[in-house]
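1. Turn this into a model:
(chains A and B)
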Amino acid sequence: MTNTDRTQWVSTVVRVVLAGIMLWAGLAKLLEPGQALRAVQAYRIFPSWIDDVVAIGLPIIEISVGLLLLLGLGTRFAAWVTAGLMVVFVAGVASAWIRGLSIDCGCFGGGGDVPSAGRVGRYLTEIGRDLLFTALAVWLIRFPTSRLSLDRLTGIAVEIGEDDNNPDEVDETP
Amino acid sequence: MTKQDARKARQVAAQQASRRRTRTIMIIAVFAVVVIAAVAVWAAKRPPSSNTSANVPAGVNSDGGVPVGTATSPVVDVYEDFQCPICKGFEDNVAPTLHQMVNDGQIKIVYHIMSFLDINLSNDSSKRAANAAGCAQDQGMFLAYHDQVYANQPTTEGVGYTDDQLIQFAETVGIPDMARFQQCVANDTFGGWVTQMEVSSENDQVTGTPTLMVNGTRVDWSQASTWNDVLSIVQEAIAAAQ
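-> Residues are numbered from 1 along each chain as shown, chains lettered A, B, ... in the order given. All right, here's what the predicted structure looks like:
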């Protein structure tokens, strides 16, 4: 197995793990719309009509990106969206923390106001977890070409030079 | 560059553009499918015509809230969940004073019994206890029953209530028609009303329990460190509204 092979298989694993995380987060919100809305409201950041839009839009984006990652379709694009979401989530949790709120992030369903006991630990865990997910997304931005992906199957990844990790395949282009 | 080279480069470029276009279309298709699926899921989950058809206990407000007391103002809206430990703290330390004010005709309390903790705790005790409180309200004994449930809240959050316990509470407070109460608990008679109260509370922007509003204004006790502090803050808010 060459280094390139290995990197591509690592990217496949990262892709599937990140896909599972996004799908889980999105489905949990999709299946409990009332709870998702309460989770967004608890951040007390937006006027109520934007809360509605976020509660509806966020699960749709998360599930779509999760599917793209699972299929390996537009991997780098999906990874950018994921990383962007994570930055927003970290900012949201940090803002709740700074403003002295005690909320559950509602990352994987749930959410809303919660008892303030242990809130520092909870916020640190939530932020740490999101940073870890960001790291996975950054890996995919750097190495988007992966095995078992539609990007590779359709030859797109190769042709538009998205495979920084894969110089030998670029030569396939006549 | 020869003519052939140039033509070949153009072909390759065209092929690449076409593949990129295909991919963009596929990505958009994924989003479209998810949007359609999400709309279908939400449409299916919409509570069955929450307005007219739901059985509601006698004497509740149009939004499902349970009014307690004969005074007309100020109105103190209390949002609670029977499985919420802080609500028990509130009931033990603050509510007795409020109940006294109700008895003295100084305020009116409207209880909104929420049930979202079922999701966090992966059980259905909040909904069943809320329905049972509706069964008690239907026989004119909401407050006594409500207090009895909180008095017996399990010390470990998430243990919940069995149907037997919910019936036992009714016996303890002396619900007049126990046969009717048991049937009401067994049939989840006011399940639709429980959903209605959860939805209307969400519409009131209530994001956690307990939440208190005096004449529609949320009482902020986030800076309080003891229940005595909370009590004074609540009393001040009520005094300001009187």
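2. can you give me phi and psi for B:Val219?
-> With angles defined as degrees, to the nearest 10, B:Val219 sits at phi -90, psi 120.
3. What is the burial count for it?
-> B:Val219 has 17 neighbours, counted by other C-beta atoms under 10 Å in any protein chain shown. (Each C-beta comes from the backbone N, C-alpha and C, glycine too.)
4. Smallest gap between chain B and chain A, at which residue?
-> Closest approach between chain B and chain A, counting by C-beta to the nearest C-beta: B:Gly208, at 2.5 Å.
5. so who does that residue touch?
-> A:38, A:42, A:103, A:112-114 (C-beta atoms under 8 Å, 6 or more residues apart in numbering or on different chains).
6. so what's the backbone phi/psi at the closest residue to chain B within chain A?
-> Closest contact between chain A and chain B, by C-beta to the nearest C-beta, is at A:Asp113 (2.5 Å). Backbone torsions for A:Asp113, taken as degrees, to the nearest 10, come to phi -70, psi 140.
7. One more: B:Asp81?
-> phi -130, psi 130.
8. Against B:Ser122, how distant is it?
-> Computed as C-beta to C-beta, to the nearest Å, the B:Asp81 to B:Ser122 distance reads 14 Å.
9. In terms of neighbours, single out the busier of these two.
-> B:Asp81 (27 against 9).
10. Local confidence estimate at the residue of chain B closest to chain A?
-> Per-residue pLDDT puts B:Gly208 at 88.
11. where along chain B do the helices fall?
-> Under the criterion DSSP state H, chain B contains helices at B:3-45, B:85-93, B:95-103, B:117-121, B:125-138, B:142-151, B:163-173, B:178-186, B:191-203, B:227-241.
12. looking at chain B, which helix or strand does the model trust least?
-> Ranked by mean pLDDT, DSSP states H and E, the weakest helix or strand in chain B is helix B:117-121, scoring a mean of 86.
13. Can you dump the C-alpha atoms of that helix in PDB for me?
-> Extracted C-alpha coordinates of helix B:117-121, given in PDB (Å, rounded to 0.1, in the frame of the first residue of the first chain):
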ATOM      1  CA  LEU B 117     -38.100  16.500  29.500                       C
ATOM      2  CA  ASP B 118     -39.400  13.200  28.200                       C
ATOM      3  CA  ILE B 119     -37.100  13.600  25.200                       C
ATOM      4  CA  ASN B 120     -34.000  14.400  27.400                       C
ATOM      5  CA  LEU B 121     -34.800  11.600  29.800                       C
END
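14. That helix: how far from the chain's middle?
-> Distance of helix B:117-121 from the chain centroid (C-alpha atoms, centre = their mean, to the nearest Å) equals 11 Å.
15. In it, which residues are buried?
-> B:117-121 (16 or more other C-beta atoms under 10 Å in any protein chain shown).
16. name the helices or strands packed onto it?
-> helix B:125-138 (3 or more C-beta pairs under 8 Å, 6 or more residues apart in numbering or on different chains; DSSP states H and E).
17. Show me what the helix it packs on is packed up against.
-> Of the remaining helices and strands, those touching helix B:125-138 by 3+ C-beta pairs under 8 Å, 6+ apart are strand B:108-114, helix B:117-121, helix B:142-151, helix B:163-173, helix B:178-186, helix B:191-203.
18. tell me which of the contacts of B:Gly208 is nearest to B:Ala44?
-> If you rank the contacts of B:Gly208 by distance to B:Ala44 using C-beta to C-beta, A:Arg38 comes first, at 20.5 Å.
19. give me every residue that touches the closest one.
-> A:Arg38 touches A:106, A:111-112, B:116, B:202, B:206-208, counting by C-beta under 8 Å, 6+ apart.
20. got the phi/psi numbers for A:Phe143?
-> phi -130, psi 70.
21. A:Gln41 contacts B:Asp204, correct?
-> No: with contact defined as C-beta atoms under 8 Å, A:Gln41 does not reach B:Asp204; the gap is 10.4 Å.
22. higher neighbour count, these two?
-> Comparing A:Gln41 with B:Asp204 by other C-beta under 10 Å, the one with more neighbours is A:Gln41, at 25 against 17.
23. The host helix or strand of the more buried one: which residues count as buried?
-> A:Gln41 belongs to helix A:33-42 when assigned by DSSP states H and E. Using 16+ other C-beta under 10 Å as the test for burial, helix A:33-42 gives A:33-42.
24. which residues touch the least confident helix or strand of chain B?
-> So helix B:117-121 is contacted by A:32, A:35, A:104, A:109-110, B:81, B:83-84, B:124-127, B:157-158, B:160, B:209 (C-beta under 8 Å, 6+ apart).
25. hmm, 10 Å instead?
-> Outside helix B:117-121, the residues that touch it by C-beta atoms under 10 Å, 6 or more residues apart in numbering or on different chains are A:28, A:31-32, A:34-35, A:104, A:109-112, A:114, B:81-85, B:87, B:123-130, B:157-160, B:198, B:208-209.
26. so where do the helices sit in chain A?
-> So, for chain A - with DSSP H - the helices run A:3-31, A:33-42, A:48-71, A:75-98, A:119-142, A:150-153, A:156-159, A:167-170.
27. and those helices as JSON lines, adding mean pLDDT?
-> As requested, the helices of chain A are exported to JSON lines (pLDDT from 0 to 100):
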{"stretch": "helix A:3-31", "mean pLDDT": "94"}
{"stretch": "helix A:33-42", "mean pLDDT": "87"}
{"stretch": "helix A:48-71", "mean pLDDT": "94"}
{"stretch": "helix A:75-98", "mean pLDDT": "96"}
{"stretch": "helix A:119-142", "mean pLDDT": "95"}
{"stretch": "helix A:150-153", "mean pLDDT": "87"}
{"stretch": "helix A:156-159", "mean pLDDT": "56"}
{"stretch": "helix A:167-170", "mean pLDDT": "40"}
